[in-house]
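I would like the atomic coordinates for the input below:
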Amino acid sequence: MTALLLLSVLIAVLYVGTAIYLHRELPASISHMVFNLSKGYQFVWTLFIWSMAFGICPALLDALDGSIFQFVGFLTIAALAFVGAMPLVRHDPNTAHNILAIAAGIGSQLCVMLICPWWLLLWFVLVPLIASSTMRILEGKGIFILEVLCYITLIAAILTS
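Next up is the predicted model:
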């Protein structure tokens, strides 16, 4: 399970890193990266989201094993799976997609709280970012930063469980 989790992390780092390198800027969010792909290749984004979700799934459910709240991990993975399955349309509110993405983010942090709440302290990284002039550089990239923090805390909690 750890190998699958690490493979999922590797895929995530390579995909996001490549997108940042090719476009020379941070994406507005993980979901907005789909618009960087050509029409015929947008399925790659879906495969990326699914590989992250299903790569995390066994290790997450194992980390929550024995908890009466194991269903939170399942719901988080299910929300991510549906996020990947929903088509995104440029200049459309994509309301269902956004609701499920927010649910996945909140669910991931509930899982962190159940597995190893100490990793939630990583959120204090935002305090100096907000207080410094760095926020001007990151303007419009807040959702991406939040998604990355959700992902890092979840992976770290699973690996240290």
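
only C-alpha atoms for contact and neighbour calcs from this point on.
Will do.

would you put the C-alpha positions of stretch 80-89 in PDB?
Output of stretch 80-89 as PDB, limited to C-alpha atoms (Å, rounded to 0.1, in the frame of the first residue of the first chain):
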ATOM      1  CA  LEU A  80     -12.300  13.000  -5.600                       C
ATOM      2  CA  ALA A  81     -13.300  10.300  -8.000                       C
ATOM      3  CA  PHE A  82     -16.500  12.200  -9.000                       C
ATOM      4  CA  VAL A  83     -14.400  15.400  -9.300                       C
ATOM      5  CA  GLY A  84     -12.200  13.600 -11.900                       C
ATOM      6  CA  ALA A  85     -15.300  12.300 -13.700                       C
ATOM      7  CA  MET A  86     -17.100  15.600 -14.100                       C
ATOM      8  CA  PRO A  87     -16.400  17.400 -17.300                       C
ATOM      9  CA  LEU A  88     -15.200  21.000 -16.800                       C
ATOM     10  CA  VAL A  89     -16.500  23.700 -19.100                       C
END
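
Show the subsequent helix or strand relative to the lowest-mean-pLDDT helix or strand in the chain.
One helix or strand of the chain scores below all others by mean pLDDT, DSSP states H and E: helix 134-137, with a mean of 64. Using DSSP states H and E, the helix or strand that directly follows helix 134-137 along the chain is helix 142-160.

For Pro27, give me its contacts.
20, 33, 141, 144 (C-alpha atoms under 8 Å, 6 or more residues apart in numbering).

of all those residues, which comes closest to Ile106?
Minimum distance to Ile106 across these is 14.6 Å, recorded for Phe144 (C-alpha to C-alpha).

Correct me if wrong: that closest one contacts Ile30.
Yes. The pair Phe144 and Ile30 passes the contact test of C-alpha atoms under 8 Å, sitting 6.2 Å apart.
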